[in-house]
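Q: From the sequence below, what's the structure:
(chains A and B)
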2 protein chains.
Amino acid sequence: MLHAVIMAGGSGTRFWPASRRHLPKQLLALATEIPLLRMTFERLGDLVPGNRVWVVTTAETAEATRNVLPELPPENILSEPMGRNTAACAGLAARAIRELDPEAVCIVLPADHVIGEEAQFRAAMAAGAEFVGREGGLLTFGVRPTRPETGYGYLELGPEHIREGEWSIHRLRRFVEKPDVDRARTYLESGGHLWNAGIFAWRATTLLDEIRRQIPELASGLDRIGKALGTAEFDAVLSEVYPSLPATSLDFGIMEGAERLWTVPVDFPWSDVGSWTELAERLAADASGNAVGGRVQAIDAGGNVLVSTGPVLSVVGVDELVVVATPDAVLVVPKDEAQRVKEVVEALREKGWDDVL
Amino acid sequence: MLHAVIMAGGSGTRFWPASRRHLPKQLLALATEIPLLRMTFERLGDLVPGNRVWVVTTAETAEATRNVLPELPPENILSEPMGRNTAACAGLAARAIRELDPEAVCIVLPADHVIGEEAQFRAAMAAGAEFVGREGGLLTFGVRPTRPETGYGYLELGPEHIREGEWSIHRLRRFVEKPDVDRARTYLESGGHLWNAGIFAWRATTLLDEIRRQIPELASGLDRIGKALGTAEFDAVLSEVYPSLPATSLDFGIMEGAERLWTVPVDFPWSDVGSWTELAERLAADASGNAVGGRVQAIDAGGNVLVSTGPVLSVVGVDELVVVATPDAVLVVPKDEAQRVKEVVEALREKGWDDVL
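A: Just a heads-up that it's a prediction; the model follows:
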């Protein structure tokens, strides 16, 4: 049967101060009416029933996650004692799912992306899942580029393997790190590369077999955790074992070295909304080209990203800034340095001002 | 006897968002450990006993004023139902004081200035008060300029009239509006002009006589209020009459046309701390030349004024800005446009966002 695994373990530093340890991006409703996690869940529609939707989250956000998805069976929310990157996260989910459903096929989705044309999204997920359920292997969905984006990783398309209805299943040649703008332009023109959206499909057993073959230490840790599933010791075993698991990403730890690797080009609008400036495109714009969210007032100011989660934010005579106001923390940074929010969070941590992290 | 009148009716827009209708500048402790109003009170020292100190404040801030000055007799706090400028304010105080002490001499002080060398300050006040108590007339204390300041009004010195100990009492020729920088430089070099610090001395009866002569409408209003003093009707009469009083300043409504006008040059350090940039000089400075107050973190940022009354304020890569953060309102404006905070407050009022005014 088809299961969906939503990876919701994000730490949320890129949207500080709106996001916090206890309120990472997927739990925010920044440019949306409902939190991104809930949008991700609702986007599944009738593709997967709620009792086969699994969320892997962190201990710090488990309660908030339950509040956002009250219809989920509590046992479907797996809570990482600490983040160990995506291979462990997806492995944990696969181990739990296989226990209930040895034939399970999983689609694996980040909790905090924005996706449009949801019917196309569901149709692509169904086709990819159908394919791996039948033929095995690990499959990545790849978004056809619409601009020479340098902020995403890419997938290099191999030859077409088969057509699955309107979908073309390709071999996946390799994962490509974020390119410079010239290469991104080449990728866009050639049509031979896709954006790596971090959305996957596989049989639970296929992933677990690949983990055993490539990262045996991870496999044996997952085995110990798996044996405790459904017992009174589960939480204790998870807390003991999980922090010692190797921390590596699905892409480079498992996919790159996997025996059979597929990709499906998709066209649905997709964004990982990875920074304040990317979010800006989804906010309302005022007459001066400021992207605004919340109670904001701009006088003789243009091209700014102005977001408040509560306070009244007033700017006068400034341009091209990101200003984010919350009741207990405020950030001001030029738009073209917006990624430096990570430095801010790091510096706050060093200062010991953990109350606002 | 000598009385002191502290004018504490400021509306506090220039320090928004730290200052509010209910928390104007004089009640803030921005670069000081205690509120400016309390500093003004304590600065009087043994010059005037507490029961002869009067504070004219607004209905909105009367309670906060009592909390800041708990040792003041409650009847010494006069609460304006609405602001009617300084002539009405000083007139109200003079009328109340004369009722108790027909021979009273008053020194009249703004509540929200910063003054150093307090012994010199008290000696100057004593000398000015002694002089007007004996000779009558209206006296203004004038601060000898130390820089070509364009943000203050000036007093043009007339000939010396008499020496009063170490103090030189001059005739005051006229009040001068804020000059441009060339004239300010001339004033500084010639020594013939003083900064108008808004600190006055007179007999209560002298001020009331001048009001009667120059603004009879104000005088008759004050008479009606004065007759209700000490009766159960006082509050009702004040509420009815005060809002209809002519609103004019002491300087231009009374002093300019007064029969005998004096000034005493003084040298004590004085600032009206009229803007965020002026306040900056009184804040702590970090290694990059940011003036900082509160929990502030600046990365690759210099020459800013960064003030928080609570939230953690983080800035990266910005220069020469004023950023003020409070739990419910945030302001960002270039330092050289800091006076535009008034536009912000006006725009917020028009928007109806009164909760943060």
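Q: Tell me which residue is most central in chain A.
A: Closest to where the C-alpha atoms of chain A average out (Cα atoms, centre = their mean) is A:Pro110, at 2.6 Å.
Q: hang on, isn't that residue packed against A:Asp272?
A: Yes - between A:Pro110 and A:Asp272 there is a contact under Cβ atoms under 8 Å: 7.1 Å. Placement of C-beta: from N, CA and C, glycine included.
Q: if we can go back for a sec, who's in contact with the residue nearest to the centre of chain A?
A: Residues near A:Pro110 by Cβ atoms under 8 Å, 6 or more residues apart in numbering or on different chains: A:6-7, A:10, A:40, A:197-199, A:272.
Q: Swap in 10 Å and give it another go.
A: Neighbour list for A:Pro110: A:6-10, A:26, A:36-37, A:40, A:86, A:197-200, A:272 [criterion: Cβ atoms under 10 Å, 6 or more residues apart in numbering or on different chains].
Q: Just give me the least confident of those.
A: Confidence by pLDDT is poorest for A:Gly10 among those, given 77.
Q: Once you drop chain neighbours, what's closest to that residue?
A: A:Pro24 (4.5 Å; Cβ to Cβ, 6 or more residues apart in numbering or on different chains).
Q: what pLDDT does that neighbour get?
A: Per-residue pLDDT puts A:Pro24 at 91.
Q: got the buried residues for stretch A:126-139?
A: A:126-133, A:135-139 (16 or more other Cβ atoms under 10 Å in any protein chain shown).
Q: max-length helix in chain A?
A: Taking DSSP state H as the criterion, chain A has its longest helix at helix A:118-135.
Q: Now the helix or strand that comes right after that one - C-alpha only, CSV.
A: For helix A:118-135, the following helix or strand on the C-terminal side (DSSP states H and E) is strand A:138-143. Once non-C-alpha atoms are left out, strand A:138-143 reads as follows in CSV (Å, rounded to 0.1, in the frame of the first residue of the first chain):
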residue,chain,number,x,y,z
LEU,A,138,15.0,4.6,-5.6
LEU,A,139,13.2,7.4,-7.4
THR,A,140,13.6,11.2,-7.2
PHE,A,141,11.1,13.6,-8.6
GLY,A,142,12.9,16.4,-10.5
VAL,A,143,11.3,19.8,-11.3
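Q: Direction included, what does strand A:138-143 pair against?
A: Applying DSSP bridges to the sheet, strand A:138-143 is found paired with strand A:193-203 (antiparallel), strand A:261-266 (parallel).
Q: Let me know which of the ones you listed is tucked in deepest.
A: strand A:193-203 (a mean of 25; mean count of other Cβ atoms under 10 Å in any protein chain shown).
Q: so where do the helices sit in chain A?
A: Along chain A, the stretches classed as helices by DSSP H are A:36-43, A:62-68, A:85-100, A:118-135, A:181-190, A:204-214, A:216-228, A:234-241, A:276-280, A:341-351.
Q: weakest of these by average pLDDT?
A: helix A:276-280 - the lowest mean pLDDT of the helices of chain A, at a mean of 89.
Q: Contacts only, for A:Thr57.
A: A:6-10, A:24, A:26-27, A:37, A:63-66, A:68-69, A:77-80, A:89, A:111.
Q: Mind giving me the PyMOL command for buried ones among those?
A: Selection of the buried residues among the contacts of A:Thr57 in PyMOL, burial being defined by 16+ other Cβ under 10 Å:
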select buried, chain A and resi 6+7+8+9+10+24+26+27+37+64+65+66+68+69+77+78+79+80+89+111
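Q: Check what pLDDT the residue lying closest to A:Glu217 once chain neighbours are set aside gets.
A: Excluding its sequence neighbours, the residue lying closest to A:Glu217 (Cβ to Cβ, 6+ apart) is A:Pro246, at 5.5 Å. On pLDDT, A:Pro246 comes in at 96.
Q: Look up the closest residue to the closest residue to chain B within the stretch 1-150 of chain A, ignoring the ones flanking it.
A: Residue of the stretch 1-150 of chain A nearest chain B, by Cβ to the nearest Cβ: A:Pro17 (7.6 Å). With sequence-adjacent residues excluded and distances taken as Cβ to Cβ, 6+ apart, A:Pro17 is closest to A:Ala329, at 3.6 Å.
Q: how close does that neighbour sit to A:Gly352?
A: The gap separating A:Ala329 from A:Gly352 is 15 Å, by Cβ to Cβ, to the nearest Å.
Q: ok, now A:Met125?
A: 44 Å.
Q: Outline the domain layout of chain A.
A: A:2-271, A:276-356 (automatic domain parsing).
Q: closest one to B:Gly45 among the ones you listed?
A: When these are compared by Cβ to Cβ, domain A:276-356 sits nearest B:Gly45, at 39.8 Å.
Q: and that closest one, how far from the chain's centre?
A: On the basis of Cα atoms, centre = their mean, to the nearest Å, domain A:276-356 sits 23 Å off its chain's mean C-alpha point.
Q: measure it end to end?
A: Using Cα to Cα, to the nearest Å, the end-to-end distance of domain A:276-356 comes out at 18 Å.
Q: before we move on, what about stretch A:184-202?
A: End-to-end distance (Cα to Cα), stretch A:184-202: 29 Å.
Q: Phi first, then psi, for the residue of the stretch 101-250 of chain A found nearest chain B.
A: Of all residues in the stretch 101-250 of chain A, A:Gly151 sits closest to chain B, at 18.9 Å by Cβ to the nearest Cβ. Per-residue torsions, A:Gly151: phi -90, psi -10 (degrees, to the nearest 10).
Q: quick one, what contacts it?
A: Contacts for A:Gly151 were tallied using Cβ under 10 Å, 6+ apart; they are A:178-179, A:184, A:195, A:271-272, A:274-275, A:277-278, A:339.
Q: for A:Ser288, same thing?
A: A:298-304, A:319.
Q: Which of those fall in strands?
A: Residues of those located in strands (DSSP state E): A:298-299.
Q: restrict the contacts of A:Ser288 to contacts with chain B.
A: Among these, proximity to chain B is found for A:298-301, A:304 (Cβ under 10 Å from any Cβ of the partner chain).
Q: nearest to chain B, of those?
A: Nearest to chain B among those, with distances taken as Cβ to the nearest Cβ, is A:Ile299, at 5.9 Å.
Q: ok, how many other residues are close to the residue nearest to that closest one when sequence neighbours are not counted?
A: Closest residue to A:Ile299 apart from its sequence neighbours, by Cβ to Cβ, 6+ apart: A:Val316 at 4.6 Å. The tally of other residues near A:Val316 (other Cβ atoms under 10 Å in any protein chain shown) stands at 21.
Q: I figured A:Val316 was touching A:Ala298, is that so?
A: Yes - using Cβ atoms under 10 Å, A:Val316 is in contact with A:Ala298, at 7.8 Å.
Q: From the chain's centroid, how far away is stretch A:14-25?
A: With Cα atoms, centre = their mean, you get 14 Å for stretch A:14-25.
Q: for that stretch, which positions count as buried?
A: Buried, per 16+ other Cβ under 10 Å, within stretch A:14-25: A:14-21, A:23-25.
Q: Nearest to B:Val264 among these?
A: Using Cβ to Cβ, those come closest to B:Val264 at A:Pro17, 51.8 Å.
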